[in-house]
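In: Attaching a predicted model along with its sequence, questions to come.
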Amino acid sequence: MKNSTFSICFFIKKSKLLKNGKAPLFMRITINGSRWETSTKVGVDTDKWDSQKEKARGSDKNSYLVNDTIDNARYRVQKIKLKTEQDDKQLTLGNIKYGFTDRQRVERTIMKLFDEHNKNCVRKIGIQMAKATYERYLTCRKHFKDFLCFEYKVYDLPVCDINKDVYEKFELFLRTEKKCANNTTIKYIRNFNKIVRIAIENGWITSSPYKEVGFKLEEIDKAYLSKTELDTISEKKITLPRLDLIRDIFTFCCYSGLAFSDVKELSGDNIVIGIDSHNWISKHRKKTNVISKIPLLTVAEKLIEKYKNNPLCIIKGVLFPVPSNQKMNAYLKEIADICGIKKNLTTHTARRTFATTVMLHNGVNMEAVSKMLGHTSLYMTRKYAKVDELYISQETRGIEEKLKEVAS
């Protein structure tokens, strides 16, 4: 097959300035001496255009937009060219033009990608994905749709229009209009970026601006109970049945390390005889499907015994009549007030208390704690099990005596 000469370049037309004073940016493709020119739909400040490098100079938003558009267009043309050659077809302006301006490209929108992704997530619930993760993607989709209406007065956006400016404006919208805290904002941005990565993997855009924007999570020192605080809650005389139940479930989680979603579906089948001939909890975590194997401590065993004849437990086949997470957290605030504890108690506080106060402070190493929590990495465990002053004191208590022995 006859070889084709091929070139692609980008240029501006200073003689046809746009209403905003910028020069329109064009792409020109030349094959065997024949040319095809098309507008890129963006404008360039004439004093920032580098005709030799075919790039916009500067670090302003418009320059980023221009250069992203150039990179994206060049990538798409090269991909069409490569596909044509792989199919052993003659490279012509016609197939380049058809591939670049095809109708399907216009139909590739971010909201359609969101819907397709979320639809696939439904099939993964309970297998590769927790229901809470799926619900977070649904919320992210809603927020992004609201953002498009608010910022651009549209209900959808072509995938090829996603750039750094969209990320930055979406971040501002989440912080100001949705009143999201920093870490919540960043998590939604990451959810959104997952959708953008799908477009990248399909070759519809070249790269994600996520790294350029530089969003970062803030390190939050989340609460856990000290031994004294844990004893205060577990031993407090509580006469209200609803609060007594919540206190018992919370205490059980403090001595077992189970997350709310796991204790809610904990059944007698999850209690097994362990390697030491004692009772253990053996359960796949609902969130990750990773198995947790946890020795059942005496405190936890007594609480299971307390509710073995509870009517709701018998009907549902579970060990505890656990209410909703919202009720649990609301009642835990009442319990904290009753016990004089100033920390913000949530169901997750119990899991952190188990890792730090019950396990780490009693000499259990980080690797064992990680296995019991059902984590896949020690990095995650270190966020739960805090190496605090008490742990350091326990670990270094005998150093002085050992140093004296060495000196003598």
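Out: Happy to help now that I have it.

In: where do the strands sit along the chain?
Out: Residue ranges of the strands in the chain, as given by DSSP state E, are 6-12, 23-31, 34-44, 49-50, 55-56, 271-273, 279-284, 291-295.

In: deepest of those strands, which one?
Out: Mean neighbours per residue, mean count of other CB atoms under 10 Å, is largest over the strands of the chain for strand 55-56, with a mean of 21. Every residue, glycine included, has its C-beta placed from N, CA and C.

In: Against which helices or strands is that strand packed?
Out: helix 61-86 (3 or more CB pairs under 8 Å, 6 or more residues apart in numbering; DSSP states H and E).

In: follow-up on the earlier one: mind putting the strands of the chain in CSV, distance to residue 119 and mean pLDDT included?
Out: Converted to CSV, those look like this (distance: least, CB to CB, whole Å; pLDDT from 0 to 100):
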stretch, distance to residue 119, mean pLDDT
strand 6-12, 37, 94
strand 23-31, 35, 93
strand 34-44, 31, 90
strand 49-50, 43, 94
strand 55-56, 39, 93
strand 271-273, 37, 95
strand 279-284, 25, 92
strand 291-295, 29, 90
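
In: Mind checking those for the one nearest to residue 152?
Out: The closest of those to residue 152 is strand 34-44. By CB to CB, the value is 14.7 Å.

In: what's the angle from that closest one to helix 61-86?
Out: Between strand 34-44 and helix 61-86, the angle comes out at 160 degrees (axes from the mean of the first three to the mean of the last three CA atoms, to 10 degrees).

In: Which elements pack onto strand 34-44?
Out: Counting contacts by 3+ CB pairs under 8 Å, 6+ apart, strand 34-44 is packed against strand 23-31, helix 61-86, helix 93-100.

In: Identify each buried residue in the last one, please.
Out: Counting neighbours by 16 or more other CB atoms under 10 Å, one finds that the buried residues in helix 93-100 are 95-96, 99-100.

In: before we move on, the earlier item: any chance of the strands of the chain in JSON lines, with distance to residue 120 too?
Out: Putting the strands of the chain into JSON lines (distance: least, CB to CB, whole Å) gives the following:
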{"stretch": "strand 6-12", "distance to residue 120": "35"}
{"stretch": "strand 23-31", "distance to residue 120": "34"}
{"stretch": "strand 34-44", "distance to residue 120": "31"}
{"stretch": "strand 49-50", "distance to residue 120": "42"}
{"stretch": "strand 55-56", "distance to residue 120": "38"}
{"stretch": "strand 271-273", "distance to residue 120": "35"}
{"stretch": "strand 279-284", "distance to residue 120": "22"}
{"stretch": "strand 291-295", "distance to residue 120": "25"}
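
In: which one of these lies closest to residue 182?
Out: Residue 182 sits nearest to strand 291-295 of all the strands of the chain, at 30.5 Å, using CB to CB.

In: residues making contact with the closest one?
Out: The contact list for strand 291-295 (CB atoms under 8 Å, 6 or more residues apart in numbering) reads 256-258, 262, 274, 276, 278-285, 371-374.

In: Just give me how far that strand sits from the chain centre.
Out: How far strand 291-295 lies from its chain's middle: 26 Å, per CA atoms, centre = their mean, to the nearest Å.

In: List the neighbouring strands of it plus their orientation.
Out: Here strand 291-295 has these sheet partners by DSSP bridges: strand 279-284 (antiparallel).

In: CA atoms only for the strand it pairs with, dumped as CSV, please.
Out: Extracted in CSV, the C-alpha atoms of strand 279-284 (Å, rounded to 0.1, in the frame of the first residue of the first chain):
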residue,chain,number,x,y,z
ASN,A,279,-14.8,-19.0,70.9
TRP,A,280,-13.8,-16.7,68.0
ILE,A,281,-15.7,-14.4,65.6
SER,A,282,-15.2,-15.4,62.0
LYS,A,283,-16.8,-13.1,59.5
HIS,A,284,-16.3,-11.6,56.1
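
In: any idea how far residue 278 is from the closest residue in space to residue 118 that isn't next to it in sequence?
Out: With CB to CB, 6 or more residues apart in numbering as the criterion, residue 118 has its nearest non-adjacent residue at 5.4 Å, and that residue is residue 137. In this view, residue 137 and residue 278 are 41 Å apart by CB to CB, to the nearest Å.

In: ok, the two, which is more surrounded?
Out: Neighbours were tallied for residue 137 and for residue 278 using other CB atoms under 10 Å; the higher tally belongs to residue 137 (19 against 12).
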